[in-house]
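S.K.: How does the following fold in three dimensions:
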Amino acid sequence: MVKCLVESFGKAIYSKGGIWEKGLFIEGITHNTKEREVIYWGDIDTHGFAILTQLRSFLPQAQPFLMDSDTFLRFRQFCGEEPEESRFTGKLNDLTQDESKFFDDLREGRLGFRPRLEQVRIPFGCICEKLATLVGTS
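M.R.: Alright, predicted model coming up:
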């Protein structure tokens with residue numbers, strides 16, 4: 001499930017929340033969301049990037065939030081293991097070159113055995129800093 005966290009400052013910020021079941025359900029997308037900058041915040045794992053790709057099928061302008069290799073490396077000590085049943089091992093076509101390289105590193109085990117950095121493991125201060133940068137209040 002993807003829920004709209006914030007829809008203000010001309011941006012819509014989406015985050016995976018609740019229980020993931022049977023495909024992507026997007027709640028809170030409004031007509032004017034399609035004309036705004038869209039930010040997606042998911043876990044840093046193969047499944048998080050698969051969800052980003054699915055979101056881009058509805059909202060092609062969606063950009064990841066704190067889902068990059070710098071964030072992963074900075075908070076690597078908080079990583080767990082992505083469950084085998086939720087891993088995505090296929091090819092994702094709607095990723096940028098940097099996203100695709102990072103996804104491949106996660107998928108192929110170059111960053112550890114099935115690494116997963118969950119959103120809740122990223123320190124709150126880092127999240128607030130990045131949000132402030134996004135909405136122009138920093």
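S.K.: and L111, how many neighbours?
M.R.: If you count neighbours by other C-beta atoms under 10 Å, L111 ends up with 18. Every residue, glycine included, has its C-beta placed from N, CA and C.
S.K.: And it, how close does it get to Q97?
M.R.: 17 Å (C-beta to C-beta, to the nearest Å).
S.K.: Over to L134?
M.R.: Separation of L134 from Q97 (C-beta to C-beta): 22 Å.
S.K.: what do you get for Q77?
M.R.: Going from Q77 to Q97 by C-beta to C-beta gives 28 Å.
S.K.: By mean pLDDT, which helix or strand of this protein comes out lowest?
M.R.: Taking mean pLDDT, DSSP states H and E as the measure, the chain has strand 2-8 as its least confident helix or strand, at a mean of 44.
S.K.: how about the strands of this structure, start to end?
M.R.: Taking DSSP state E as the criterion, the chain carries its strands at 2-8, 11-16, 26-27, 37-41, 63-64, 80-81, 115-116.
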